[in-house]
Each structure stands twice: as C-alpha cells, then as structure tokens.
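**Student:** Quick one, fold the following:
(chains A and B)
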There are 2 protein chains.
Amino acid sequence: MGPPIGAAALYAVRAGGKRVRPLLTVAAFRAAGGDGDAVYPVAAAVELVHTYSLLHDDLPCMDDDPLRRGLPTAHRVYGERVALASGAALQHLAFLCLADSADLDPGVAGRLPAMVRRLATGAGPEGMVGGQLLDLLAEGTAPDAAGLEAIHRAKTAALLSAACALGGEAAGAEHEIVDALVDFGTYLGLAFQIVDDLLDVTGDPDHTGKTPGADAARAKATYPAVHGLEGAREQAETAAGVARAALEPLMDRPGAAVLLETLDFVVDRIH
Amino acid sequence: MGPPIGAAALYAVRAGGKRVRPLLTVAAFRAAGGDGDAVYPVAAAVELVHTYSLLHDDLPCMDDDPLRRGLPTAHRVYGERVALASGAALQHLAFLCLADSADLDPGVAGRLPAMVRRLATGAGPEGMVGGQLLDLLAEGTAPDAAGLEAIHRAKTAALLSAACALGGEAAGAEHEIVDALVDFGTYLGLAFQIVDDLLDVTGDPDHTGKTPGADAARAKATYPAVHGLEGAREQAETAAGVARAALEPLMDRPGAAVLLETLDFVVDRIH
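**Tutor:** Reported below is the predicted structural model:
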C-alpha cells in the first residue's frame, strides 16, 4: 500500500476493538467441522470490511465522529481524502484475503463463489452499507419499531451473519449447517446492536471508547428510544434466545461452545 | 438496493461513458479463446469498479467536480452521503458479478481466485484507489516525469490492465497469454491517461463531458505540464506502440482486432 493509505488503514485496524466478527468466523468454521488454517484469511476479510465501515461511517459527511475505540478517528489524524481512500482499499484487501484462503485449501476454492457472495451481500447495499445509510437518513424522524429492526438487520446483523456463514462455507459444510449459522449470526447481530444502543445511553466511555450520548444528540432511531431501557433489554434477551436456539444442529460440535460464549459476551455487556 | 443507493448507483452507471473497460474484457476473452456468456458479468464488474471510482473521485473532499459525462455529478444530485455509500455498494456488486460469472461456467469457477485477485489488485491501494490519492496529494507540487508515470500506472493503467487480464483469466488462458494481455492493458492505459491529460487542455467540453482546463486550474501533475503538448503526444504514441507489440502472441486470434481497434480509438482522440 502507498504510504498514506497504508498508514491510515493500519491505524484503523490496530485501534483494536473486540474482534467479535473474526472470532465468530473461526468458531463457526470449527463448529462446522473445518480444520486447518485456511479460515484465518477469511476471518481477516470480515474484520477488514468492518474496519472500512468504521472509517467511512466516521467521515465528516457521515457521522462526523471525533473518537473511535478511544482514539481520534482516522480522518482526524490523516485527513478526509486519505481516510476515504483507505476505506476503499480495505474493501479490496478483504476480497484479496478470500482469494488467499482459496489458495491455501482446494476445498475452500470450491466454495469461493459462495464466500464472495456472502461477504459482498453482507457488506453491500442490502446489508451493512445500505443499513448505515438508512440509519443516517432516519435521523430526526419519528422512530418506528419495524423500520428500526430493518435498519439494525442491515447495518449490523448482515455482516455478523456473513461472518458466521463464511466460517461454515470455508469448512465446506452442508447447506443446513450454513443456514443455522446464518440465523445464529443474524439474531446475535440484532442483540449486538440493541446492546450497542443501550451502551450509548448507559455505558462508560472509558469502556466503550465512544462519545457517550452520541445517538440521542443526533436524534438517532434506537431501541431505547422506541422501546424504553427495560423494553430494549428484553428485546436483546429475546434475540439472544433465538440465536441460541438456531445453534441446535451444531450443539455437539467443538466450536459451538465458543459461539455461545461470544453470544453471552455480547449480551452480558448490558449487565 | 435500498432506494437512495440504488438510484444514485444507477444514475452513475447510466450516465454513459465510453465503456472502454468492459469492451476490453470481452475482446480479451475472445482473443484468449473464450467462448460463451460467462464473460459478461466479468466485464460488468470492471465497469462497476470504474463507476465507483468516479463517484468517489468527484466527492467534495476529493476532486469536488460538478460535472461528469456532461451531467451533474451524483453527489450534487443525491447528496454526499448517498454518493459515498453508492460507491461502496458498487464495489461490492462488482465482486458479486465475478461470483455470478463463476456460477455460469465451471471453467471460470476454477479461475475465480485469480480473478478476484486481478480485480482487487487493479482497483486497490497499489492500483486505482492508491493512484487517485497520490494524484490528489501531488497537486500543486513540482511535476516530475517518473512520479507522474507512477501515478498514471496506478490510477489508470492498473484497472485497464486488469480489465484485459480478467478476460484472459475467464477464458482459462495459459499464463503467457494472460501476461501479454496485462502488458497490452498497461500500455494502453498509459496512452489512455496521457490522451486524457491532453484532452483536458485541447478538448471540446461538449465532446469530453468534463469541465475543461480543470487539471491546470488545480495545478495537477499532467503529461502536457511535464513534457509539453508535442512531447505528451509522442509519449502517447510510444505507449501505444508498446501495447501493440505486446499483442504479438495473440495477433491471429478473433478478438485481437477489437483490442487493436480500441487502442487506435484511445490514441486517435488526440487527432
């Protein structure tokens, strides 16, 4: 990578974060019977897409956020042009990672069309990037439960679901196992975003690394705004229950425990 | 696609343009012995990446261009947020197109890792998006021949070269044929960008659909600025000659004539 793009991309990647998405990809791969190292570039691909989404979402024309993961956002450090280009570069690198994975394992190579489709769909206009935009465009409008769930499904659940599905695809799993992982990831994703909404109201910025109360200040549609704090907590628990049930067909597999622990970690952040 | 993203993306795609990149992909596919329809989604993928690059390059924080292909730029019509998200969406759709192509033809599926790599590398930080940024960062600095060629190779030649290589890969061609297409595309790309630089000085805006004199107004590093008008014309002809020579191993193939005609079309725009 050219120096400014590489520096800004590394800055964003190294800022940390919970690494929930790649953890899910690796755990789903193991739970689906996958073996070996070919899953690691796939897991990296998902994290790179997530990181690019943060870079672009923080830009002045989007959320205009000064702080991310407790550090100044990339565009504050490197400028807007470099942050924009670095985000695009991370997208391309993510797909390169999928190709790397296919080169490591002929079994993965046979599932590459499906994997490209999972990543592109989870990240694309029906998924993450479409949801981010809907979220911004909904600012200041009267929140509505169905519309809010649609935004959360696209903005957050689609990529978390793809993270799980990609692990299953890379493992060469049968379709019903991949479908179970899709459902698990979708409802874990909904729980994740509801908890994020709650933490914006109740969280400690030293812990979350984000500007507190940012959602309310922007009149964002959130679960606490629509359902109240207690209602939002219940919705998170309900979504987590659906996710847990979806894992039934994989329950005796080695990675399933990690998937469940990740789900618990996501939901426990509100306690 | 969600309505605002879909509308802005379609607006940008339908604005027209020369469609040189997909034409090259299809012609390279035929010249490399490819048969059938699996090349068309590949050609579309390249055009979608090109269109996204225009959307992002025109944004206020980048070139801040009001006019593209004779029409108001997408961010002027749909706003900056929608244009940014639509560009990202087009990137994801491009990779979906590659997966579609693999589904159409098992031969293409076997080359999908290489195809993903060609598209991501041509468009990524060492290619198009890196070159666009270097180009912007070089504005107002004293132009230098070697640095300028490096920018043009990344910004323009990398994706045109990938367009040609992707046709070869989709055709299942042997490596030396793909290498010849890479070289052809690279030097056609250099000629293309030099001609673009020249047209910014000498072109008729009714013809080019662009704001005339925009490069000089921004103190961009261009071939006419570094080599003079006549010197730039010579450089374009030289690059075209190298491109022509690179096609030698394909000269008796059916699509080779279209590749050469496209090269002539690119260079003839300066006469």
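
**Student:** Which positions in the helix or strand containing A:Arg81 come out as buried?
**Tutor:** For A:Arg81, the host element (DSSP states H and E) is helix A:80-104. Buried residues in helix A:80-104, counted by 16 or more other CB atoms under 10 Å in any protein chain shown: A:80-102, A:104. (C-beta placed from N, C-alpha, C; glycine too.)

**Student:** cool, and stretch A:19-38?
**Tutor:** A:20-34, A:38.

**Student:** and what of stretch A:222-229?
**Tutor:** So, applying 16+ other CB under 10 Å, buried residues of stretch A:222-229: A:222-227.

**Student:** now, among the residues you listed, which is nearest to B:Asp196?
**Tutor:** Within the buried residues of stretch A:222-229, the smallest distance to B:Asp196 is 47.1 Å, found for A:Thr222 (CB to CB).

**Student:** Can you give the distance from stretch A:61-76 to the centre of its chain?
**Tutor:** 18 Å (CA atoms, centre = their mean, to the nearest Å).

**Student:** do stretch A:82-98 as well
**Tutor:** Distance, stretch centre to chain centre, for stretch A:82-98: 16 Å (CA atoms, centre = their mean).

**Student:** what's the answer for stretch A:163-181, then?
**Tutor:** Stretch A:163-181 has its average C-alpha position 17 Å from the chain's average C-alpha position, going by CA atoms, centre = their mean.

**Student:** buried ones in that stretch?
**Tutor:** Here stretch A:163-181 shows A:163-173, A:177-178, A:180-181 as buried, counting by 16+ other CB under 10 Å.

**Student:** And those residues, which two are furthest apart?
**Tutor:** Farthest-apart pair in these is A:Ala163 and A:Gly172; separation 17.3 Å (CB to CB).

**Student:** Neighbours of the closest residue to A:Leu96 other than its chain neighbours, how many?
**Tutor:** Counting by CB to CB, 6 or more residues apart in numbering or on different chains, A:Leu96 lies nearest to B:Ala120, which is 4.6 Å off, once chain neighbours are set aside. Per other CB atoms under 10 Å in any protein chain shown, the neighbour tally for B:Ala120 reads 28.

**Student:** The stretch of helix or strand B:Ala120 belongs to: what's the following helix or strand?
**Tutor:** B:Ala120 is part of helix B:112-123 when elements are defined by DSSP H and E. Following helix B:112-123 in sequence order, the next helix or strand is helix B:128-137 (DSSP H and E).

**Student:** Spell out whether that next one and chain A are in contact.
**Tutor:** Yes - on the criterion CB under 8 Å from any CB of the partner chain, helix B:128-137 is in touch with chain A at B:129-130, B:132-134, B:136-137.

**Student:** Going by neighbour count, which of those residues comes out on top?
**Tutor:** B:Val129 (33 neighbours).

**Student:** So A:Ala191 versus A:Cys164, what's the distance?
**Tutor:** 13 Å (CB to CB, to the nearest Å).

**Student:** just for the stretch 51-200 of chain A, where's the confidence low?
**Tutor:** Applying pLDDT under 70 to the stretch 51-200 of chain A flags no residue at all.

**Student:** tally of neighbours for the nearest residue to A:Tyr78 once chain neighbours are set aside?
**Tutor:** Leaving aside its chain neighbours, A:Tyr78 sits nearest to A:Ala8 (4.1 Å; criterion: CB to CB, 6+ apart). Neighbour count of A:Ala8, defined by other CB under 10 Å: 27.

**Student:** what about A:Ala8, distance to B:Pro125?
**Tutor:** 10 Å.

**Student:** Spit out the residues that contact those two alike.
**Tutor:** Common neighbours of A:Ala8 and B:Pro125 (criterion: CB atoms under 8 Å, 6 or more residues apart in numbering or on different chains): A:Ser86.

**Student:** Show the subsequent helix or strand relative to the host helix or strand of the residue nearest to A:Tyr78.
**Tutor:** Following DSSP H and E, one finds A:Ala8 within helix A:3-14. Using DSSP H and E, the helix or strand that follows helix A:3-14 in sequence is helix A:20-31.

**Student:** what packs against that following helix?
**Tutor:** Packing partners of helix A:20-31 (3 or more CB pairs under 8 Å, 6 or more residues apart in numbering or on different chains; DSSP states H and E): helix A:39-57, helix A:158-170, helix A:175-202, helix A:256-268.

**Student:** Go through these and pick out the most buried.
**Tutor:** Most buried of those by mean neighbour count (mean count of other CB atoms under 10 Å in any protein chain shown) is helix A:158-170; its value is a mean of 31.

**Student:** Looking at the stretch 101-250 of chain A, what residue ends up closest to chain B?
**Tutor:** In the stretch 101-250 of chain A, no residue comes nearer to chain B than A:Gly124, which is 3.4 Å away by CB to the nearest CB.

**Student:** Could you give the number of residues near that residue?
**Tutor:** Counted with other CB under 10 Å, residues neighbouring A:Gly124 total 27.

**Student:** Now for the residue nearest to it when sequence neighbours are not counted: which residues touch it?
**Tutor:** What sits nearest to A:Gly124 in space, not counting adjacent residues and going by CB to CB, 6+ apart, is B:His92, at 3.4 Å. Counting by CB under 8 Å, 6+ apart, B:His92 makes contact with A:91, A:120-121, A:123-125, A:129.

**Student:** change it to 10 Å
**Tutor:** Residues near B:His92 by CB atoms under 10 Å, 6 or more residues apart in numbering or on different chains: A:49, A:91, A:94-95, A:116, A:119-130, B:48, B:52.

**Student:** which bits of the stretch 101-250 of chain A sit near chain B?
**Tutor:** Residues of the stretch 101-250 of chain A lying close to chain B (CB under 10 Å from any CB of the partner chain) are A:101-103, A:108-110, A:112-134, A:136-137, A:150, A:154.

**Student:** Chain B versus A:Ala256, what's the distance?
**Tutor:** 29 Å (CB to the nearest CB, to the nearest Å).
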